[in-house]
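Engineer: here is the input, now give the coordinates:
(one chain, ligands or ions: 1)
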Amino acid sequence: MRKLLENAAQRAISYLESLEFRGVAPLPEAIAKLAVLDQPLPEEPSEPEMVLKLLDEICSSATMAMAGPRFFGFVIGGSLPVTLAANWLAGAWDQNTALYNSTPATAYLEQIALRWILDLFRLPRECGGAFVTGATMANFSSLATARHAVLKRAGWNVDADGLFGAPPITVIIGTEAHPSLIKSLGLLGLGRNRTIKVPTDSQGRLRADALPSLSGPTIVCTQAGNVNTGAFDPISEICEMAHQDGAWVHVDGAFGLWAMAVPSMVHLSAGMENADSWAMDFHKWLNVPYDSGLALVRDADALRAAMAVTADYLPTASPFRNPSDFTPELSRRARGVEVWAALQSLGRNGVAELIERTCRHARRFAEGFQSAGFEVLNDVALNQVLVAFGDAETTNRVISGIQTDGTCWCGGTIWQGRTAMRISVSSWATTDDDVEQGLEAMLRIANKRDL
Ligand SMILES: Cc1ncc(COP(=O)(O)O)c(C=O)c1O
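Structural biologist: So this is what the prediction gives:
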């Protein structure tokens, strides 16, 4: 076993060290080689060393270098080395972190990580938290709790009696809500299409002045950090209006919520603490390994009421927090370990510095494009930059050229009718030099006449 695990560690380290020097996107030849794995199910066992060798030799070069310093697609962080190391150790522990009694160390780490997050975000320490796979499930868990709570206030127990015959719930979203939030509404029986959609402004912010008057069980879904522009809804104002009418306010803050942890960004996050629930990711800006996110709910009892499970064979009675009392899953990996490791290692100031640094990199990209005469479509208030290189066809050609060149990787989008390239700087590993290298490659490709 030792030899195998040491071999795996050596291969993983060599892989990470190679990222600085290889192209970000895998080469077509490397992807084509994956077909080697397309074999019938083996009848007989294979040597573990051979299995690992096959995996590394065939797959490592076919990966996208998301863990490297010049991947700027989607909103994707790398893994801080300490969080990867913690992940390896926790993998060896292999703790099914559902219940405190059976997995005290990892359940305890999760409890501490939750307290630290609430402290960092200046949220009440009584809030409940569900460590889940990512913002999609954090949205789902928060909205399941909202559904439970607003119907309870209307005298209906949705967990016992379902939605059949329940008082209708009004769900309000902005026209720029993230698709994963809309998917969560569908999964919860609230309907992907039966929402009231409130118009948004040029940055994708929900227009508070366009909120309808609210009555009856209502959930208002807001957003901190639009996936394209990074913009924040006016959450303080929305909370004030919605709470007057007894509505539940949820914040999808997959990455934008991290502004709450940064003193220099309070102008963005002011009033966000007044919401009822918040969804966020750890695998984006905290730079922990996939998959990891958190649902926070002001009323911990409401979260527990929507999620807890009991059964005679489960040792649920515990003076400590049982992680699975708060999550959709029962069996689950110990996500709190890497979150704890990141926070222990960075500290409050290190988190703020990471967020500020990546935002500074984003501003440098925007400046670079603007001084080269290209159009930046968003106000770069966070870590997202949208740039157009001309018409849709030209922009798409530049994006494709950048992806093939391999110096860095960015994806495309359509923002309010304009085709654009998205740059998201979310990785701890990105240095000033990486930004300059990336910018130089992007401008070189964009300025080619015969692209
Ligand atoms: C605003 C927002 N919400 C939700 C999500 C979904 O997050 P995840 O993919 O971690 O589930 C994203 C992903 O980028 C996002 O930007």
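Engineer: kindly list the main-chain dihedrals of whichever residue of the chain sits closest to the ligand?
Structural biologist: Residue nearest to the ligand within the chain (CB to the nearest ligand atom): residue 134, separated by 2.8 Å. From N, CA and C alone the C-beta is placed, and that goes for glycine too. When quoted as degrees, to the nearest 10, the phi and psi of residue 134 stand at phi 170, psi -170.
Engineer: equivalent analysis for residue 110, please.
Structural biologist: Torsion angles, degrees, to the nearest 10, at residue 110: phi -60, psi -40.
Engineer: one step back: got a pLDDT number for the residue of the chain closest to the ligand?
Structural biologist: With respect to pLDDT, residue 134 has a value of 98.
Engineer: next, the contact list for the nearest residue to it once chain neighbours are set aside, please.
Structural biologist: Once flanking residues are discounted, residue 134 sits nearest to residue 293: 4.0 Å by CB to CB, 6 or more residues apart in numbering. Residues in contact with residue 293 (CB atoms under 8 Å, 6 or more residues apart in numbering) are 131-138, 254, 279-283.
Engineer: change it to 10 Å
Structural biologist: Going by CB atoms under 10 Å, 6 or more residues apart in numbering, residue 293 touches 130-139, 141, 254, 279-284, 286, 335, 339.
Engineer: among the residues you listed, which are in helices?
Structural biologist: The helices, defined by DSSP state H, take in 135-139, 141, 339 from the contacts of residue 293.
Engineer: any chance of the residues you listed in CSV with neighbour count and distance to residue 227 as columns?
Structural biologist: Below are those laid out as CSV (neighbours: other CB atoms under 10 Å; distance: CB to CB, whole Å):
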residue, neighbour count, distance to residue 227
135, 29, 10
136, 22, 12
137, 24, 17
138, 31, 15
139, 33, 13
141, 29, 20
339, 27, 22
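Engineer: which one of those residues is nearest to residue 371?
Structural biologist: residue 135 (34.1 Å; CB to CB).
Engineer: how far away is the closest residue to the closest one other than its chain neighbours from residue 285?
Structural biologist: In space, and not counting its chain neighbours, residue 135 is closest to residue 254: 3.6 Å by CB to CB, 6+ apart. Here the distance between residue 254 and residue 285 works out to 9 Å (CB to CB, to the nearest Å).
Engineer: list residues touching both of these two?
Structural biologist: The contact lists of residue 254 and residue 285 share 75, 225, where a contact means CB under 10 Å, 6+ apart.
Engineer: out of those two, which sits in the more crowded spot?
Structural biologist: residue 285 (30 against 27; other CB atoms under 10 Å).
Engineer: residue contacts, the more buried one?
Structural biologist: With CB under 10 Å, 6+ apart, residue 285 has these contacts: 75-77, 225, 254-259, 261, 351, 354-355, 358, 382-383, 424-428.
Engineer: do residue 427 as well
Structural biologist: Residue 427 neighbours (CB under 10 Å, 6+ apart): 66-72, 76-80, 284-285, 287, 354, 358, 361, 434.
Engineer: so of those, which ones are in helices?
Structural biologist: 354, 358, 361, 434.
Engineer: got CSV for the residues you listed, with distance to the ligand and neighbour count too?
Structural biologist: Converted to CSV, those look like this (distance: CB to the nearest ligand atom, whole Å; neighbours: other CB atoms under 10 Å):
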residue, distance to the ligand, neighbour count
354, 18, 23
358, 15, 23
361, 18, 24
434, 21, 21
